[in-house]
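Colleague: structure for the following, please:
(one chain, ligands or ions: 1)
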Amino acid sequence: MINPYNYWGVIARYKKYLPITNRTPIITLNEGNTPLLYSEYLSNLLGKGFRVYLKYEGLNPTGSFKDRGMTVAISKALEEKAKAVICASTGNTSASASAYSAKAGIKCVVLIPEGAIALGKLSQALIHGAIVLAVRGNFDIALNLVREISAKFPITLVNSLNPYRIEGQKTASFEICDALGDAPDFQIMPVGNAGNITAYWKGYKEYKAFGKIKKLPRMLGFQAEGAAPIVKGHIIRNPQTIATAIRIGNPASWKQAELARDESGGLIDTVSDKQILDAYRLLAVKEGLFVEPASAASVAGLIKLKKIGYFGGKVQGLKGITTIVCILTGHGLKDPDRTIKTVKPPKIVQADLKAILKEINL
Ligand SMILES: *Cc1c(COP(=O)(O)O)cnc(C)c1O
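Modeller: Take a look at the predicted model:
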């Protein structure tokens, strides 16, 4: 098919699996088609017979997987003649909604928890011209507010409660299957509001129903220790973690996440902020991948499970090569403050050849 605009986003590639009609105006920034990178380091860490891959979703147009869902949500909003959209956000949903709304030419309103969103994400929402309101409260409170507003006024909710978001986001599982030739044995990912684990699981099940793959993965989700409502089994009133994208105490897709876990024979567990930051640095230093802290929760989870013998024990029962995919949900440039707090500052030296050579220690 010749595409005169050279657009080749997730709607163009996976239209037959999406609720798109010939009347849907397609709003795209060429999202998706992100790399699935083989990790030699993590594969070796797991041992013989394991292949670990990293799905680098930070390379989406606004720097997170949210774009996959937003292209569908904004296209459908436009089809339904919406004049405005609204979302609550820990940052990346607002970055994505504001960019796709700018492209669509519709008004975008975002509610963010005051003081709790990463600088890169805030910059994005502001530069794309959204109405950005910093709410004195956390994400869960902001989400309740936008649910109420969108129920009462003509403004479309584009949080992952909007089913079109889930539809778009499931395309990431299609890409993984297309790249590997089948589903992986395990998929590991961070869990916040739980829309993404819901979307991936839906995608895998649909691809299997279409005969595109033979097996389904076990879904392994990780929440931050201080923001782990699903693991603890109750709402967390004041969730805390440095991984702001998953700082959520009452996930909207809680039940669906449990369903994905249980139907797939997987698990949802916690990782500490320290484990997250260790994985964050490891990805940067060993893989050349700069991700935001929440994204590192997947690799932190992999390392935790390896340490407790999860892959060698009872869940094994697998023949041949075992494939594991970790989802790296967002780009490291989103949260430069965290990076600067995590690394040593550059050493200051005299503008002098000898002084510099001494530091390089060749
Ligand atoms: C939104 C987001 C998450 C959490 O995804 P949910 O669908 O809310 O579970 C994780 N990482 C990043 C970078 C995100 O933007």
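
Colleague: quick one: low-confidence ranges for the protein?
Modeller: Residue ranges of the chain with pLDDT under 70: 1-6, 313-319.

Colleague: burial measure for the residue lying closest to Gly9 once chain neighbours are set aside, as a count.
Modeller: Closest residue in space to Gly9, ignoring its immediate chain neighbours: Thr28 at 3.5 Å, by CB to CB, 6 or more residues apart in numbering. (Each C-beta comes from the backbone N, C-alpha and C, glycine too.) The tally of other residues near Thr28 (other CB atoms under 10 Å) stands at 22.

Colleague: how about the stretch 251-362 of the chain: which residue is closest to the ligand?
Modeller: Gly330 (2.8 Å; CB to the nearest ligand atom).

Colleague: that residue bridge partners, please.
Modeller: Note on Gly330: beta-bridge partners by DSSP bridges are Ser64.

Colleague: for it, what are its contacts?
Modeller: By CB atoms under 8 Å, 6 or more residues apart in numbering, Gly330 lies in contact with 57-58, 63-65, 92, 245, 291-292, 294-295.

Colleague: which of these are close to the ligand?
Modeller: 64, 92, 245, 292, 294-295 (CB under 6 Å from any ligand atom).

Colleague: now Ser43: closest residue in space that isn't a chain neighbour?
Modeller: For Ser43, ignoring the flanking residues on the chain, the nearest one in space by CB to CB, 6+ apart is Val52 at 4.7 Å.

Colleague: so what's the one you found bridging to?
Modeller: Assigned bridge partners for Val52, using DSSP bridges, are Ser39, Ile324.

Colleague: wait, it touches Cys326, no?
Modeller: Yes - if you go by CB atoms under 8 Å, Val52 and Cys326 touch, sitting 6.8 Å apart.

Colleague: show me which of the two is the more surrounded one.
Modeller: Set side by side, Val52 and Cys326 give different neighbour counts by other CB under 10 Å, the larger being at Cys326 (31 against 25).

Colleague: so who does that one touch?
Modeller: Applying CB under 8 Å, 6+ apart, we find Cys326 in contact with 42, 52-55, 187-189, 298-299, 301-302.

Colleague: quick one: name the residues of the chain near the ligand.
Modeller: Counting by CB under 6 Å from any ligand atom, the positions of the chain adjacent to the ligand are 64, 66, 92, 160, 190-196, 245-246, 292, 294-295, 329-330.

Colleague: how about 8 Å then?
Modeller: 57-58, 64-66, 90-93, 160, 169, 189-199, 243, 245-246, 248, 251, 253, 257, 291-292, 294-295, 297, 329-330, 334 (CB under 8 Å from any ligand atom).

Colleague: if any of the residues you listed are buried, put those into a PyMOL selection.
Modeller: In PyMOL syntax, the buried subset of the residues of the chain next to the ligand is picked out as below (16 or more other CB atoms under 10 Å):
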select buried, resi 57+58+64+65+66+90+91+92+93+160+169+189+190+191+192+193+194+195+196+197+198+199+243+245+246+248+251+253+257+291+292+294+295+297+329+330+334
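
Colleague: in helices, which of the residues of the chain next to the ligand fall?
Modeller: 66, 92-93, 169, 195-199, 257, 294-295, 297 (DSSP state H).

Colleague: can you give me the strands in the chain?
Modeller: Along the chain, the stretches classed as strands by DSSP state E are 36-39, 50-56, 84-88, 107-113, 131-135, 156-157, 186-190, 218-224, 267-271, 322-328.

Colleague: for those strands, give me CSV that also has distance to Ile308.
Modeller: Putting these into CSV (distance: least, CB to CB, whole Å) gives the following:
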stretch, distance to Ile308
strand 36-39, 20
strand 50-56, 16
strand 84-88, 35
strand 107-113, 33
strand 131-135, 39
strand 156-157, 39
strand 186-190, 14
strand 218-224, 12
strand 267-271, 10
strand 322-328, 15
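
Colleague: show the contacting residues for the nearest residue to Cys326 once chain neighbours are set aside.
Modeller: Nearest residue to Cys326, sequence neighbours excluded (CB to CB, 6+ apart): Ser298, at 4.1 Å. Applying CB under 8 Å, 6+ apart to Ser298 gives the contacts 188-190, 222, 279, 326-329.

Colleague: tell me the one of those residues nearest Leu353?
Modeller: Ala279 (38.5 Å; CB to CB).

Colleague: contact partners for that closest one?
Modeller: Here Ala279 is in contact with 271, 296-300, 303 (CB under 8 Å, 6+ apart).

Colleague: buried ones only from these, please, as a PyMOL command.
Modeller: Burial among those is assessed by 16+ other CB under 10 Å; the matching PyMOL selection reads:
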select buried, resi 271+296+297+298+299+300+303
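
Colleague: which of the contacts of Ala279 sits closest to Arg218?
Modeller: Distances from Arg218 to the contacts of Ala279, taken by CB to CB, are shortest for Ser298, at 13.7 Å.
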